[in-house]
Structure formats: structure tokens, C-alpha cells
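Participant: Got a sequence here, can you build the structure:
(2 chains)
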2 protein chains.
Amino acid sequence: MLVTSQLHQFYQSFSTEFGAIIEQPQIAFEQYGQIDGPVIILAHGGLSSHHAAGRYQKDDILPGWWDGLVGEGKVFDTSKYRIISTNALGSMYGTSSALTINPATGKKYGASFPMVTMVDQAKFLYRFLQELGINHIELMAGPSMGSLLTLEMAAQYPDFIGKAISVATAGRMTPDGLAMHHFMINTIKMDADFNKGDYDDSSPLTSMRIVAQAIKFYYMHENIIKKLCWDNVEESSDSQQQRSDNVSEFVQGNSDQEIIGRDANCYITTLNAINSFDLGKGQVNFTAGVQRIKCPILLMNIDTDREFNVKWAQEVADILNRQFDEKVEPLQAQLHLITSDWGHLGCVKEVEQLTMHIDSFLNLPVSTCES
Amino acid sequence: MLVTSQLHQFYQSFSTEFGAIIEQPQIAFEQYGQIDGPVIILAHGGLSSHHAAGRYQKDDILPGWWDGLVGEGKVFDTSKYRIISTNALGSMYGTSSALTINPATGKKYGASFPMVTMVDQAKFLYRFLQELGINHIELMAGPSMGSLLTLEMAAQYPDFIGKAISVATAGRMTPDGLAMHHFMINTIKMDADFNKGDYDDSSPLTSMRIVAQAIKFYYMHENIIKKLCWDNVEESSDSQQQRSDNVSEFVQGNSDQEIIGRDANCYITTLNAINSFDLGKGQVNFTAGVQRIKCPILLMNIDTDREFNVKWAQEVADILNRQFDEKVEPLQAQLHLITSDWGHLGCVKEVEQLTMHIDSFLNLPVSTCES
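Facilitator: As a prediction, this is how the structure comes out:
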């Protein structure tokens, strides 16, 4: 499937939660499938883009991140649905961010791009869909940051969303994830080349390389590191040196390739947005915040994910299912544990398990939605 | 208990596994208890020192890292044993390392200090004990890197050691640990101020700060981050911001305090030594390497430790216990899982559980030792 990245210019300016105004905002997105079909919205992981499926050019090595789920005959069936994948506010792939032009100055926002929250990201996405003339969506789904945005949308706009799917998720950003995100933010800010966000052509390279390496061992579980670096070393009297060299190469990787196009200011904007996520924000309490969600939701967490332990999805499911007589089936929230050697990356890697659970979830009656 | 750090000058030079010669080597150590008692050797974690117990001065805020285990009436009883805690070769607390003087030049070794392995660390320690006139030790014990050195000693010098205790351990350095260690080494080497190890007064500060922050979230489990940063925030409509600020402060911490005295070259030497650890090294295979251990051993891993998953201790225990008729009790290797919110740091924090298992292990008959 060949796809194109598109850009939508908003009709109106956008006000953030903290009162900043973004003039002439824009959003990057891709669209797949039937233009008159029921709408599915996909939302990407934090440092990823809206390139969810297909290839831009025939000879692209890799397709989009959920290509295994999106396409003809796949679980998000392009012969049936209109699928729109959008780039989050503040992200570095075309939507308004530190990398886009501030109309007031004619220059890139850079460090002056305002702080945005997950609440802002949801409002921004909702506004875009309104401007497209979409008044109801069949489903919203996403992994990682996209899973949080999905829950935020379902909570803010309960009548707008038919069903929601969140993979590697929580109802509020987790302690371990906060720690890793602050580590990344601090590392970038400590880089002399970051210069408080005022850098010229390229991002501060040293800190971006360090962050790229930290991502490797944080977001992947030991099981996959072992598979990639260890199991291919024949046991000998000196195999540890080879294993260590392989792990070193894995961590270092082609981090220079990986950081191409990654912008430090956008990183910080995005990580702060993720860190702000809490369904209880602005509500009486967390429970009340979660209970705003009215549609059926499918939560899937990865057993080896350090950032999103399944207990953080469980607390969401428990609150939602407590609202109803538990004998009523199906429950509003379904929670499945995905088994994976990949750690957090299981949220895009475990296509088979995701497909199985999504398929049966999509075929559920939507009775609880109207309750 | 007031203690003093001592220094022993070796009578002879020391040759490393890779053929480097360290002239006039020295080793830093502390000694507690009865000078004519049975000998216990303690070995420290990678970035720690030989300050295992007591205080240097009455008003020191913190005692040594295993102070809860070492003292009168404690499980390593100073009224009964002669307890010697030694600083590993290449470490930054007094033993020969990048920070000590190279007699050939009259200057600090710095980056010219040779690469050392875990095999070297064990040989160096054994040589020290020989020079002290100690021909047999009752017990060797240590957490983290000290647990690996303990196993290496037990494998290299099976007749020398009566019993061994390894806490947060493995028979070969683990994939996840290798990844974290290479990340730290790479981070230091990427720091322009590191200058290939040729720096003047202080270590490259930026990378040492980054490493100190990464250590926070890698070696501590989410449970303890939650306890420290999250559970003290009252739930409100804006509690996530406070939680996030607390986690940021936790990660950033007083990292400038923490890195005082930490030397980048010594870090790299030590991490490389840990990465080299494999009981199968130089042996027919891993099993044969492990089977060199003849004494009873007690292995304790922490359930929330990312670096040393219990399965890596299990493979050691399985090999050792397979050698004997399984009906014979006690087995040569005992393995206990320590439950802790602390992650890897449980190896020094969970004094009560450690005491319980060590106490019953020390009271075991040593029959398997002579088998």
C-alpha cells in the first residue's frame, strides 16, 4: 500500500491549556481506506510519527508502525473503514511544533513553542476532526503515547467515540515512565549544544545519541537483547567477550542514523505532554476522571513492559467495570496481557496477539456504549 | 562501630590476564572483629567501596553498605569472626587503579591503567590474602559485583573457601546488565571533557551526572519510585504535576553530590571487569566452569531486580545441584528470592531477609564442601 503524508491548515488559532495561542496551526496526517467508510483514528507512540501503515515509496525498507494491523483484510480493514492517522501536537513530523514556522516571526518556533499537555493534544485532534466534518468516529486506537491520547479523547469527548483501543497504556503516566522521561529531558538540557533550545541546523547530537542508546535498553526487555546479541554466540571458553561486544554494538547501534530528523525541542515538548497525562486531571478525583469514558474499551499491556506495568491498565479497567453489574457481559473494559520478549516495543511488534484481541473486540455488541 | 580504611602494599608486581604488569600494587581494605577469628571476606558492588560496615567518624550520616549485617550480634558477628572487606582492583577507592600512581612515571595512571577482568580481580584478592598469611577463609560474601567476585573466587580457588554467599548474582554477566554498562561506558566516552580519559582535576561532569541519573531509574524499581515520589502526593485535580515534579527531583537528585570522587576512568575499568565475568571463561563450557565451585553456596536474587533476574542465579544452582543425588540434603546451592520494592538495590536494603537466609546457611553442616 502506497501512502502520502498530508497537511491540514486549521481555520482558526488554537489556545493551549496554559493559555498560549498557536496561530495558523497545522496537522500532518495520513489516510487509508474508504473515504465514506466508518472512521478509525490512529494515534502514534511518543517519538514516532503518523506513518502508521503502508510505504511512501515502493522501495521503502520499512512500512508504517502498525502495518500488520492496517490494510485490506487486516483487522483495521482498508476495504471497510476510513482510517486516519494523525501526528500529535508538538511532535516533530509536520504538526505545529518547535519545527514549524511561527507566523508572528516568520521563523521556526524552536524553544519558544509553548508547553502542551495531553489535554491539548486531544483538543487539537478533536478540532481537526471537526474541521474535516467528522462528527463521530467508530474507533480510536493507538500504542504507547497514542494509547494515552485515545483514553484522553474518550474521556473528553465521550459521545464522539464508539470504541477505544489502548495498547501499552495507563490512566495516568506511570512513575517509571516519568523517571525515564525526566532522565531524557535532563540529558538533553545538560548538553551544552542544546543551548536552552536555541540551536541552529541540527539537534544537540551528543545528548540525542545518549538518549537513543538509553531507549534501547529501557524500551526493550532483556529477553530480546538476549535473542539478538547472545543466542547467536556459540558457547566457548571465550564467548562472553563476543556477547559483550554484540550488546555494545546493539546499544550503540546506528544511533547516528536513528537520530536523523529527531529534534530536541520536540522531544521535550512531547515528553512533557506525556508526563502531564492523568485522566483525573481537573476532575474531582481519578475515579471520576476515568468514569467520563462511556464507550467500550480494549486495553492491552505487555508482560515485559517496564514503562506500562499491567497494573496501571488494571486500575482503569477496574473503575470502569465497577460501574456496571458485573454479571452483565460484555464488561465495558476488557484487559488482555500480551506476552512478548520485546518489552514496551511489543505494542507494535506483537501483531498476531493484537489482531486476535482487536478482532473479537470489534465484533462485540456496543450495548455498554449507550448505557 | 568506628572503622578505619587501611592500605596494603603488595610485595610483588601483579600481571593481568591480558599481560599488563602493575608494579607496586596496593589494595585498600577495612577489617572488623576478632583478629584471630575465622575469616570472612566481603566484596563490594561495582561503584561502591570497601566501606562495608561501621562509620569512619561518629557523626558520619551513613554507615557502610552492609552495616545491618556486620557487627556484634549481627549475622556477620564481629565478636566471633575476623571480617575483611576489600576494594576491588581498578576501583576508585584506594586499590591500584587509574587514580593511583604509576611508579614508572610518578604520575596517576589515568587512561593508561590496564584493562582488568573479573579473573584478575579474583587473583588480586587471593594474592592479598596470601600476603596477609590467610590460607583458608570461612566465608566470602558480596552483593552485585561483589557477588560475582565471590563466585569467581569460589571457582578459581575451590579449596580456599568454606562457604560463599552471592546476593543479586549470576554465573555470567547478564544481557540487560551488559546493555546498561555499555550505555554508561558510551555516555562517558561521548563526553568531550572525557578526552579519551585524559582529563585533569575532575571527571567529565556532564556524562557523570547523566550516568548518576540513569542509575536512579535502572537500579531502582518503579515500586520504590512510587513510594518516594507519588504516594506522598494527595490525590487532587492537579496531582500529576506534583508527582512529575517529585520524580524529576528524584532523578536529578543531588547528582552533583553523588558524583564527587567518582572517577570516569575507574568507572570504565570497573564496568569492563564486570562485563568480562563468565564462570565458563577459559573452561570447556559454562557447566564445567560452574562445577569448579566445590563449597556450599547461598544465592539470593531480588524479585524486582532488572540487572540480575533470578533465572541467572537459577542456572548456577541447577548445575551445582545436578551433580549430587538430589535426595541428599542440604543441596550444594541454595537459592532464595528476596522480595523488595527496591529493585537491584534490594541487595543492600533488605537486611531482614538477608539475615534470615544467611543465618540458617551459616548454621548448615559443611558436608557438601568436602564431597
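
Participant: Need phi/psi at the closest residue to A:Leu42 other than its chain neighbours.
Facilitator: Nearest residue to A:Leu42, sequence neighbours excluded (Cβ to Cβ, 6 or more residues apart in numbering or on different chains): A:Ser85, at 4.0 Å. To be clear about C-beta, it is placed using only N, CA and C from the backbone, and glycine gets the same treatment. Taking degrees, to the nearest 10, you get phi -110, psi 130 for the backbone angles of A:Ser85.

Participant: just the strands in chain A please.
Facilitator: Assigned strands in chain A, in chain order: A:6-9, A:14-15, A:21-22, A:26-33, A:39-43, A:70-71, A:76-77, A:82-86, A:101-102, A:107-108, A:137-143, A:161-167, A:297-302, A:333-338 (criterion: DSSP state E).

Participant: now the ones you listed in CSV, with distance to A:Tyr219, mean pLDDT and mean neighbour count?
Facilitator: Conversion of the strands of chain A to CSV gives the following (distance: least, Cβ to Cβ, whole Å; pLDDT from 0 to 100; neighbours: other Cβ atoms under 10 Å in any protein chain shown):
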stretch, distance to A:Tyr219, mean pLDDT, mean neighbour count
strand A:6-9, 29, 98, 12
strand A:14-15, 31, 98, 17
strand A:21-22, 30, 98, 18
strand A:26-33, 24, 98, 21
strand A:39-43, 18, 98, 27
strand A:70-71, 22, 98, 24
strand A:76-77, 24, 98, 22
strand A:82-86, 21, 98, 26
strand A:101-102, 32, 97, 15
strand A:107-108, 29, 95, 12
strand A:137-143, 12, 98, 26
strand A:161-167, 14, 98, 26
strand A:297-302, 10, 98, 26
strand A:333-338, 15, 98, 20
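
Participant: Including distance to A:Asn195, could the ones you listed go into CSV?
Facilitator: Rendered in CSV, the data for the strands of chain A read as follows (distance: least, Cβ to Cβ, whole Å):
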stretch, distance to A:Asn195
strand A:6-9, 29
strand A:14-15, 28
strand A:21-22, 23
strand A:26-33, 26
strand A:39-43, 32
strand A:70-71, 40
strand A:76-77, 42
strand A:82-86, 31
strand A:101-102, 18
strand A:107-108, 14
strand A:137-143, 33
strand A:161-167, 37
strand A:297-302, 37
strand A:333-338, 41
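
Participant: picking that back up, beta partners of the residue nearest to A:Leu42?
Facilitator: In this structure, A:Ser85 bridges to A:Glu30, A:Leu42 when assessed by DSSP bridges.

Participant: wouldn't it be in contact with A:Ala53 here?
Facilitator: Yes: under the criterion of Cβ atoms under 8 Å, A:Ser85 lies in contact with A:Ala53, with a separation of 7.2 Å.

Participant: list the residues that contact both of those two?
Facilitator: Counting by Cβ atoms under 8 Å, 6 or more residues apart in numbering or on different chains, the residues touching both A:Ser85 and A:Ala53 are A:Glu30, A:Tyr32, A:Gly64.

Participant: mind listing what the last one touches?
Facilitator: Going back to what we said before, that points to A:Gly64. Contacts here follow Cβ under 8 Å, 6+ apart; on that basis A:Gly64 touches A:Val3, A:Glu30, A:His51, A:Ala52, A:Ala53, A:Gly54, A:Arg55, A:Val70, A:Ser85.

Participant: again with A:Tyr157
Facilitator: Shown here is A:Tyr157, whose contacts under the criterion Cβ under 8 Å, 6+ apart are A:Ala122, A:Tyr126.

Participant: Please report the distance of A:Ser147 from B:Ile225.
Facilitator: Using Cβ to Cβ, to the nearest Å, one gets 21 Å for the distance from A:Ser147 to B:Ile225.

Participant: A:His8 too?
Facilitator: Taking Cβ to Cβ as the criterion, A:His8 is separated from B:Ile225 by 40 Å.

Participant: Quick check: nearest residue in space to the most centrally placed residue in chain A, chain neighbours excluded?
Facilitator: The centroid of chain A falls nearest to A:Gly45 when counting by Cα atoms, centre = their mean (2.2 Å). Closest residue to A:Gly45 apart from its sequence neighbours, by Cβ to Cβ, 6+ apart: A:Ser144 at 3.6 Å.

Participant: so the one you found makes contact with A:Gly343?
Facilitator: No: using Cβ under 8 Å as the test, A:Ser144 is too far from A:Gly343 to be in contact (11.6 Å).

Participant: More neighbours: which of the two?
Facilitator: Neighbours per residue (other Cβ atoms under 10 Å in any protein chain shown) separate A:Ser144 from A:Gly343, with A:Ser144 holding more: 28 against 24.

Participant: can you pull the contacts of the more buried one?
Facilitator: In this structure, A:Ser144 makes contact with A:Gly45, A:Gly46, A:Ser48, A:Val167, A:Ala168, A:Thr169, A:Glu307, A:Phe308, A:His344, A:Cys347, judged by Cβ under 8 Å, 6+ apart.

Participant: Show me how the record splits chain A into domains.
Facilitator: The domain map for chain A lists A:6-173+A:278-370, A:179-269, with the assignment taken from automatic domain parsing.

Participant: Dump the contacts of A:Gly64 into TSV; add distance to A:Pro296 as well.
Facilitator: Written out in TSV, the entries for those read as follows (distance: Cβ to Cβ, whole Å):
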residue	distance to A:Pro296
A:Val3	29
A:Glu30	26
A:His51	28
A:Ala52	22
A:Ala53	24
A:Gly54	28
A:Arg55	33
A:Val70	21
A:Ser85	22
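
Participant: which among those gets closest to A:Tyr109?
Facilitator: Comparing the contacts of A:Gly64 against A:Tyr109 with Cβ to Cβ places A:His51 closest, at 22.5 Å.

Participant: Burial check on the closest one, number of neighbours?
Facilitator: 23.

Participant: How much space separates the nearest residue to A:His136 once chain neighbours are set aside from B:Ser96?
Facilitator: Closest residue to A:His136 apart from its sequence neighbours, by Cβ to Cβ, 6+ apart: A:Phe160 at 6.1 Å. With distances defined as Cβ to Cβ, the gap from A:Phe160 to B:Ser96 amounts to 68 Å.

Participant: the more surrounded of these two?
Facilitator: Set side by side, A:Phe160 and B:Ser96 show more neighbours around B:Ser96, with 26 against 18, by other Cβ under 10 Å.

Participant: circling back: from the contacts of A:Gly64, which two are the most distant?
Facilitator: Comparing every pair within these by Cβ to Cβ identifies A:Arg55 and A:Ser85 as the most remote, at 13.9 Å.

Participant: what about the helices in chain A?
Facilitator: Listed from the start of the chain, chain A has helices (DSSP state H) covering A:118-131, A:145-156, A:175-190, A:205-219, A:222-229, A:239-252, A:255-258, A:264-275, A:286-290, A:310-322, A:346-349, A:351-362, A:367-370.

Participant: Of those helices, which is nearest A:Gly90?
Facilitator: Using Cβ to Cβ as the criterion, the shortest distance between A:Gly90 and the helices of chain A is 3.8 Å, found for helix A:264-275.

Participant: so how far is the closest one off the chain centroid?
Facilitator: On the basis of Cα atoms, centre = their mean, to the nearest Å, the separation between the geometric centre of helix A:264-275 and that of its chain is 12 Å.

Participant: so what secondary structure elements neighbour that helix?
Facilitator: Where contact means 3 or more Cβ pairs under 8 Å, 6 or more residues apart in numbering or on different chains; DSSP states H and E, helix A:264-275 is packed against helix A:118-131, helix A:145-156, helix A:175-190, helix A:205-219.
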